[in-house]
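Peer 1: Here is my input; please provide its structure:
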Amino acid sequence: MVDWAAALSDSAIEAAVGTPAFQRGAAYARDGHVGHVKVNRNVIFGRVRGTAADPYQLIVVAEHDISATRVSATCTCPVGVNCKHAAAAMIAARDHVAPLPVTRSTGWRRALDDFVRSNDAPLPDEAPLALQFTATRDSAAAYDPRLEQLRRVTIRPLMLGKRGRWIRAGISWRDLRDPWRQTPCRSDHVELLRQVYASAGDATRYAYDQAELDLGDFPPAIWKLLAEAREIGLDLVGRSHGPVGLRAVGAAVFLDVSRGTDRDVTLAPGVRIGDERVPIGSVGLLGWPPHGLFRETGGSLELVPLAEPPSEHVTRLLGETIAIPADEVDAFVADYYPVLGRAVEVRSSDDTVELPEIAAPRLRLSAAFRPGHEVRLGWSYVYAADDDERAYRLDDPADGRRDPGAERELLVRATRIVSRWSGLLDRSGMIAADAVLHGMDTAAFVEDALPVLDAEPVIDVDTSGEVPAYAAADGTPLVRVSATDDADGTDWFDLRVTVSVGGEDVPFEQLFAALARGDSQLILDSGTYFRIDDPGLDRLRRLIEEARSLQDRDSDGLRISPFQVGLWEELVELGVVGSQSRRWQRRVDGLLDLDSIEPLDVPASVDAVLRPYQLDGFRWLSFLYEHRLGGILADDMGLGKTLQTLAMIVRARATEPAAGPFLVVAPTSVVQNWARECERFTPGLQLVSITETAARRGMPLRAAVGHADVVVTSYALFRLEYDAYDALDWSGLVLDEAQFVKNHQAKTYQCVRRLAAPFKVAITGTPLENSLMDLWSMLSIVAPGLFPNPNHFKERFRNPIERGKDTEALESLRRRVRPLMRRRTKELVAADLPPKQEQVLEVVLSPQHRRLYQTHLQRERQKILRLLDEPDDNRFTILRSLTLLRQLSLDPYLIDDAYADVRSSKVDALMEQLGEVVDEGHRALVFSQFTRFLGRVRERLDAEGIAYSYLDGTTRDRAAAVDEFKSGRAPVFLISLKAGGFGLNLTEADYCFVLDPWWNPAVEEQAVDRAHRIGQTRRVMIYRLVSADTIEEKVMELKARKRDLVARVLDDTAGELSAPLSANDIRGLLG
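Peer 2: Next up, the predicted model:
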């Protein structure tokens, strides 16, 4: 009897009351708020303490079927139904229902004797109950005669009195609502009436003291409860206590159409109970919309449920007879009868009016073919009856003459048919009312979809225009791709492509555009089509992804130049940059005093003791600001560039307090670091962080800045709101991690360069990463008059220097850059940092790993050797092969999922090292360029039970990942090189593992310097894992050559680029 309560699951309770109420109810049950709970058959009675002075009382009713148990509850709390108190009661009932005790041995007779002796005697304290039904006229009928049938029937409980008569005393709905109120009545009668009361739901919420309840307020489920009442002997009685009839057969309402002698037509409501037609005026309807009816005959009351409850609109028609003039009968039959017939039965009992069959909708697809492989599709619902046809577009507004249910079934059926052709669907996944297909989508529609749709019986296909004939090309496309170096060095290419298929030339513009869109096939004007996801086109697709733009070209190929100046550089001659460069030239005379920079003291409000080199940097920045000159602070990573800059800003604000604020633009991940450093070292500065656009922060930039001394924002937000920043007056612009603006064709670079500020400084530990153009981009911002023309800079400096043949150009570049760059390496300030020990760990591949590597090596080597006759034409293919071999040196799984079971020798070597590091209490950073390889390391760390943090470009909560490592919860931090190369201070680590050497040494050094920086107190161990006898050894050699280029240009053996200026240096700068 109570098994269902014991079996209640959390999910069933949560489904009944909702997640918030379930969670609060669980807390109530756990904290002892449930004062009393009782389970009786399928009802739970409970009392739960809440916020009110008295406990809330509640009833939970369970409905059982074959598949599940569903529960609903009513409560005296303000919520009233399915509340947290009900959840608490259900949990308490479930947890406290215990199996009944078992009567053992000889005690069974004593346990049953009382039952046997009293089985034949009536129980004096269990009086039967009854439900009294009273029919009254609904007050609403006084205002609307059509509601005459809405007479009310009220119900109330009665109890059999001592004299054998039904009485009201001793029982009421209030008694039944309170599960703890004792009633001298049959328990099964009490329980059922409580279910009746609970089934009314909200209708009883404000009826606590109401003697009678309106039967029309109950849901249709009341009819099942009334039938159960009759089955258990609970009498249904009328006003005079006579029996009330309860029909098991449902009634139905209908509209009867008949024609009179004057040819007019009447539409009259009717009722049918079984086969008996009953005058509508003799019955009353229960509920709104009604779910049952009643009638009084011979002083007795009869209740009948409706088989199908009518809608509210149909219900209103049951209160009147409608007359239709003879000359409007055709309009009624055509426009109104179909709508009525779908909502309620419409008949002509006397056959005086011929009612046609109501037309069902069909789907029509109109396909209009146009030149250029285009087809315009339109879907509509069509209703056809005799010669009359009505068509409605799928997205036409609702029309009462249509059948929404049938239309929906049609749409769902048709959607299942066309679901494999996504171009025919809208965003919701259903058929789109209109669609325009082009190219291969048109071909697929003609070849695949059209025959299927044409054969579907519920879809009519109507085509117009000439339906093209399409055919797949014979053979595969022949592709010739060449990537030629334009003498820029190692990073840029000229592209030449020719393609033919089946002897037919493929226009390059069409192919290039299709590949850029990511199409898998291309269709030619002739109707011939072929796949462009063929492996032979992989090289072309990769290059398109890298270039990301389509340019005009001649018939021989396409030129892609990442160093093209673009629109912004074309505007140089209009004076946008010229005015800045003239201002810079006017102030260059201040450099004549550079040899004797004033030995300024650090402002007292700077809460830090600057190291000697930091003091020099502060003085140099202050000198540049005073003379309105720009520069590059290019100290190695981790040497305190932020602190030096903040100290300069403090002095500048003190000398010019009325001037505008300083603007700091930094990567998103570094913005908060500026706020922390400012609060730590220069708390007197008012710093404002702009981390949202104006739309999200709810105020314009000027209001957000207010009276700030320093404003910090990200490169992305600066670019998005450039006009707002440009409208403010700034004392200076600081670009942190300034390598972010090394691309002089990018929008961010253009905005930074255009911003009017009297002083601009770039802060970066890597002013040169891949090409001397990185350095030019920064100098063109901070000192626009130094090298105003990028093409001249290429010809004069970049090309000869990067080719390594022009020492004169190198020396000239040093002389001109030296005044504007301050660079100190860690070697120059070694006394301020603990030692950094670097070691290359040679990894020997396992036999299986080695066999796979050698197999692919031979294949790629043969491919490259064939291409070396024309290396410039095949550079892209060569680079792709090299990347494959780099990945294979790490883990065969990176190139093919089929190698998932092959153990990576490098992962094994790493785990051996990490095991010792972690066991000895050290903490380690692990870097890799390939995030998929980091995923393999994660799997091994999970298997070994070693906790770790993880950070790559997809990590959303970067701060949480960093905090997990810095707090000590994870001794290992896995970081992708690109995501973790800047903006992080991880001096908690004293071990760094670089898993794959990269030919850009600056990025690798940036990553390592997350640990080896100011604030580090322990020796830092750097391990570079290199697979023996693989391409990684060659990458190490290439990296050494690139590092040599940086050293020759920037460091000059002893840091000459940042040495004090001589008079000759100044002359060279001005020359």
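Peer 1: Could you tell me which helix of the chain is the longest one?
Peer 2: helix 847-867 (DSSP state H).
Peer 1: spatially speaking, which residue is in the middle of this protein?
Peer 2: The centre of the chain sits closest to Arg956, judged by CA atoms, centre = their mean, with a distance of 11.8 Å.
Peer 1: With Ile358 as the reference, measure out to that one.
Peer 2: Relative to Ile358, Arg956 is positioned 56 Å away (CB to CB, to the nearest Å). Quick note: C-beta positions are derived from backbone N, CA and C, even for glycine.
Peer 1: His922 too?
Peer 2: Taking CB to CB as the measure, His922 and Ile358 are separated by 82 Å.
Peer 1: Next: Val79.
Peer 2: With CB to CB as the criterion, Val79 and Ile358 are 45 Å apart.
Peer 1: any idea of the mean pLDDT in stretch 684-702?
Peer 2: Averaging pLDDT along stretch 684-702 yields 93.
Peer 1: Tell me, how many residues neighbour Lys978?
Peer 2: For Lys978, the count of nearby residues is 15 (other CB atoms under 10 Å).
Peer 1: give the contact list for Met911.
Peer 2: Contacts for Met911 (CB atoms under 8 Å, 6 or more residues apart in numbering) come out as 940-941, 944.
Peer 1: at 10 Å instead, please
Peer 2: Listed by CB atoms under 10 Å, 6 or more residues apart in numbering, the contact set of Met911 reads 904, 937, 940-941, 943-944, 946.
Peer 1: Buried subset of the residues you listed as a PyMOL selection?
Peer 2: Provided next is the PyMOL selection string for whichever of these are buried by 16 or more other CB atoms under 10 Å:
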select buried, resi 904+937+940+941+946
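Peer 1: Closest to Gly170 out of the contacts of Met911?
Peer 2: Closest approach between these and Gly170, by CB to CB: Ala943, at 73.1 Å.
Peer 1: How confident is the prediction for that closest one, by pLDDT?
Peer 2: For Ala943, the model assigns a pLDDT of 92.
Peer 1: what about it, helix or strand, and which?
Peer 2: helix 931-944 (DSSP states H and E).
Peer 1: Could you list every helix and strand in contact with that helix?
Peer 2: helix 875-890, helix 905-919, strand 924-928, strand 948-951, strand 972-976, helix 977-980 (3 or more CB pairs under 10 Å, 6 or more residues apart in numbering; DSSP states H and E).
Peer 1: tell me the mean pLDDT for the third one?
Peer 2: The one in question is strand 924-928. Mean predicted lDDT for strand 924-928 stands at 93.
Peer 1: Just want the angle from it to helix 931-944.
Peer 2: Per axes from the mean of the first three to the mean of the last three CA atoms, to 10 degrees, the angle that strand 924-928 makes with helix 931-944 is 140 degrees.
Peer 1: where are the low-confidence patches of the stretch 51-200 of the chain?
Peer 2: For the stretch 51-200 of the chain, the stretches with pLDDT under 70 are 65-68, 97-125, 137-150, 179-182.
Peer 1: And the helices in it?
Peer 2: 84-96, 107-118, 173-177, 187-199 (DSSP state H, counting those that start in this stretch).
Peer 1: Could you export those helices as a markdown table, including distance to Leu306?
Peer 2: Shown next, in a markdown table, are the helices of the stretch 51-200 of the chain (distance: least, CB to CB, whole Å):
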| stretch | distance to Leu306 |
| --- | --- |
| helix 84-96 | 31 |
| helix 107-118 | 44 |
| helix 173-177 | 25 |
| helix 187-199 | 17 |
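Peer 1: wait, which of those helices is closest to Leu810?
Peer 2: Leu810 sits nearest to helix 84-96 of all the helices of the stretch 51-200 of the chain, at 77.3 Å, using CB to CB.
Peer 1: who does that closest one touch, helix- and strand-wise?
Peer 2: Looks like helix 84-96 contacts helix 3-6, helix 10-17, helix 19-30, strand 34-40, strand 43-48, strand 56-64, strand 69-75 (3+ CB pairs under 10 Å, 6+ apart).
Peer 1: Tell me which of the ones you listed sits nearest to Val711.
Peer 2: Nearest to Val711, of all those, is helix 19-30, at 41.4 Å by CB to CB.
Peer 1: Could you give the separation of that closest one from the chain centroid?
Peer 2: How far helix 19-30 lies from its chain's middle: 29 Å, per CA atoms, centre = their mean, to the nearest Å.
Peer 1: what do you get for stretch 656-663?
Peer 2: With CA atoms, centre = their mean as the basis, stretch 656-663 stands 41 Å off its chain's centre.
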